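> model the following, please.
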Amino acid sequence: MNKQDRSARSGSVAAYRQGLGLVAVAVICSPAGIRIAAIDCGEDSALAAAETTQTRWWCRRATDAERVVAAATARLRRLDPRVGGMNAAAATLQRAQDKASDAVLLACESIASAAKQLHVVLHTEDEIFDEAMDVIARINGEIERMQRSGQLKSVNKSYQAYRIEASARGEKILRYREWMRNYRENLVRKLAATLRYF
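Below you'll find the predicted structure:
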């Protein structure tokens, strides 16, 4: 798969998450340590410059995501990582080496425990990706069918109208391939929005 195809797939998966209104429950690593946060549609723009998302799960309701974050954060604060079966010097060295990974694991366990306790279903990246790919395949199949039957004329007319309007405003005009990618992403977003409460 080339870079353009990966970019298009990534954009379509993001459009699917946006259409469903998903909220990420994320484990975030920063110089100050590990934190758990809810991030709308997985947008990392909510992160500070030195922060990175270590892992995330997807939740269908923002209020449920916030509840999981609050419970998981409280649980994480109560936990104290233990290193068993080592003498004090070895345990200190091991703790220093594994501090970040231990904290991430504890945060993940805290999220899983909180979600279970609150009866909130969280979806993995892979689950959302697979669902998105099914929707994307349906849309691509429909567009291919329309191309074969000559029914894409209205879409092409929309592109021509876009070119005229963008040119009149002095804006850069997207190539047809880019415009079509945006068109497909909008279709994915709209179809996902119809699935939001199922």
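> can we go C-alpha only for contacts and neighbour counts from here?
Will do.
> now tell me which helix or strand of the protein has the poorest mean pLDDT.
Of all the helices and strands that make up the chain, the one with the lowest confidence by mean pLDDT, DSSP states H and E is helix 88-118; it has a mean of 74.
> give me the next element, helix or strand, following that helix.
Tracing the chain C-terminally past helix 88-118 and defining elements by DSSP states H and E, one meets helix 125-149 next.
> restrict the helix or strand just after that next one to CA atoms and write it as PDB.
Heading C-terminal from helix 125-149, the first helix or strand you meet, by DSSP H and E, is helix 153-169. This file holds the C-alpha atoms of helix 153-169, laid out as PDB (Å, rounded to 0.1, in the frame of the first residue of the first chain):
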ATOM      1  CA  LYS A 153     -22.100  12.600 -13.600                       C
ATOM      2  CA  SER A 154     -23.700  14.500 -10.700                       C
ATOM      3  CA  VAL A 155     -20.500  14.000  -8.600                       C
ATOM      4  CA  ASN A 156     -18.400  15.200 -11.400                       C
ATOM      5  CA  LYS A 157     -20.600  18.200 -11.900                       C
ATOM      6  CA  SER A 158     -20.200  18.900  -8.100                       C
ATOM      7  CA  TYR A 159     -16.400  18.900  -8.700                       C
ATOM      8  CA  GLN A 160     -16.700  21.300 -11.600                       C
ATOM      9  CA  ALA A 161     -18.900  23.600  -9.500                       C
ATOM     10  CA  TYR A 162     -16.300  23.400  -6.700                       C
ATOM     11  CA  ARG A 163     -13.500  24.400  -9.100                       C
ATOM     12  CA  ILE A 164     -15.400  27.400 -10.400                       C
ATOM     13  CA  GLU A 165     -16.300  28.600  -6.900                       C
ATOM     14  CA  ALA A 166     -12.800  28.100  -5.600                       C
ATOM     15  CA  SER A 167     -11.200  29.800  -8.600                       C
ATOM     16  CA  ALA A 168     -13.600  32.800  -8.100                       C
ATOM     17  CA  ARG A 169     -12.500  33.100  -4.500                       C
END
